[in-house]
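Peer 1: what's the 3D shape of this:
(4 chains)
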There are 2 protein chains.
Amino acid sequence: MGREPREFFQIGDASERTGLTQRTLRYYEEKGLLRTPTRMEGGFRLYSEEDLQRLERIKELRELLGFSLADIKEMLDAEEVRLQIKAEWRKDADAADKAQKLRSAREITLQQIQLIDHKMEKMATMRDQLAERIARYDANLQQYAEETAAEHAT
Amino acid sequence: MGREPREFFQIGDASERTGLTQRTLRYYEEKGLLRTPTRMEGGFRLYSEEDLQRLERIKELRELLGFSLADIKEMLDAEEVRLQIKAEWRKDADAADKAQKLRSAREITLQQIQLIDHKMEKMATMRDQLAERIARYDANLQQYAEETAAEHAT
DNA sequence: GCGAATTCTGACGTTCGCGTTAACGTGCGT
DNA sequence: ACGCACGTTAACGCGAACGTCAGAATTCGC
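Peer 2: Okay, the predicted model is just below:
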């Protein structure tokens, strides 16, 4: 058998790996951002690699892009659709229904892309403005330097 | 005299123009994000065009980039330094002090740029992932379409 | 100069995203 | 079988960023 890196992580390990607190992990679960992880007999949560990846994803969406947990949930749910359908690709029948779900998931994803594009545009112009500002700072500092040098020269 | 578009806006107008609520305007003022606007005799706030622009700026920094008001205040203050120094460029003396302020403002601005760059990178990779996902949705939908067509053909 | 519309200042309420504490149950090495 | 680290739920707390009255003052149109 291949040495699988490790299949289960208790909440402590999961917390350490993701940089999220245990409270946060439980909170995300409570909010439906994570499927309830499998538990061991006594009720201890066991996180899979997938769970950790999902958590990383959530973390980026929040910390980097500033989405609300509600937004993120919607996004992840849209994503879920694809996986679900993939899983039961062959066993189910109602193709029209699945196609409909797919279309709505696609729609949500598209909106996300557009939102990101919009943000990136704004960020780019803002970045330019900041760069200009730096240039002006430098010009001013340069002046100061010259003046100081002149004083020294007298 | 040139017809100046209009010099004063009461809080209602300002609110409408910026899309921020009156409460929010007062709150931002309270938090030091806006200099206290000039008031009319009775105490009614009068916002200038500049104020509105500043508000737009704040709005973007918050809604689009997800900065906290505290962060934004720091940024705007750094910006203020430049204007202040520009204003009293000739009348003051302590050049070393001004240069120091300039350097720190420059530093803050640089950090902002780096932060934006970092965010943009992440956003770009995320965007790519989403685009891939769209492609997969389309592929699946295509399959459905073909299957449906096949059924019709039978 | 009067009434309606607008604004003012508190002050308390709310939602989000967790932090923190309490009291109690589990897993595991020895 | 015991101790101890680790985990569990439940509940309250908290700072940020406003929302939402209440009650009084101000401005404006007519």
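Peer 1: residue numbers of chain A in contact with DNA strand C?
Peer 2: Contacts of chain A with DNA strand C, taken as Cβ under 7 Å from any atom of the strand, map to A:21, A:23-24, A:27, A:31, A:40-44, A:62, A:68-70. All C-beta atoms are positioned from the backbone trio N, CA, C, and that covers glycine.
Peer 1: can you pick the most crowded of these?
Peer 2: Neighbour tally across those (other Cβ atoms under 10 Å in any protein chain shown): the maximum, 18 neighbours, falls on A:Arg62.
Peer 1: now A:Gly19, nearest residue through space, not along the chain?
Peer 2: Counting by Cβ to Cβ, 6 or more residues apart in numbering or on different chains, A:Gly19 lies nearest to A:Lys59, which is 7.2 Å off, once chain neighbours are set aside.
Peer 1: so that neighbour makes contact with A:Thr18?
Peer 2: Yes: with contact defined as Cβ atoms under 8 Å, A:Lys59 and A:Thr18 form a contacting pair (6.5 Å).
Peer 1: more neighbours: which of the two?
Peer 2: A:Thr18 (20 against 16).
Peer 1: ok, the residue lying closest to that one once chain neighbours are set aside to A:Leu76 distance?
Peer 2: Beyond its immediate neighbours in the sequence, the residue positioned closest to A:Thr18 (Cβ to Cβ, 6+ apart) is A:Leu55, lying 4.6 Å away. As defined by Cβ to Cβ, to the nearest Å, A:Leu55 lies at a distance of 11 Å from A:Leu76.
Peer 1: between these two, who's got more neighbours?
Peer 2: Comparing A:Leu55 with A:Leu76 by neighbour count (other Cβ under 10 Å), the higher total belongs to A:Leu55, at 22 against 16.
Peer 1: before we move on, what SS does A:Leu46 have?
Peer 2: strand (DSSP: H, G, I helix; E, B strand; the rest coil).
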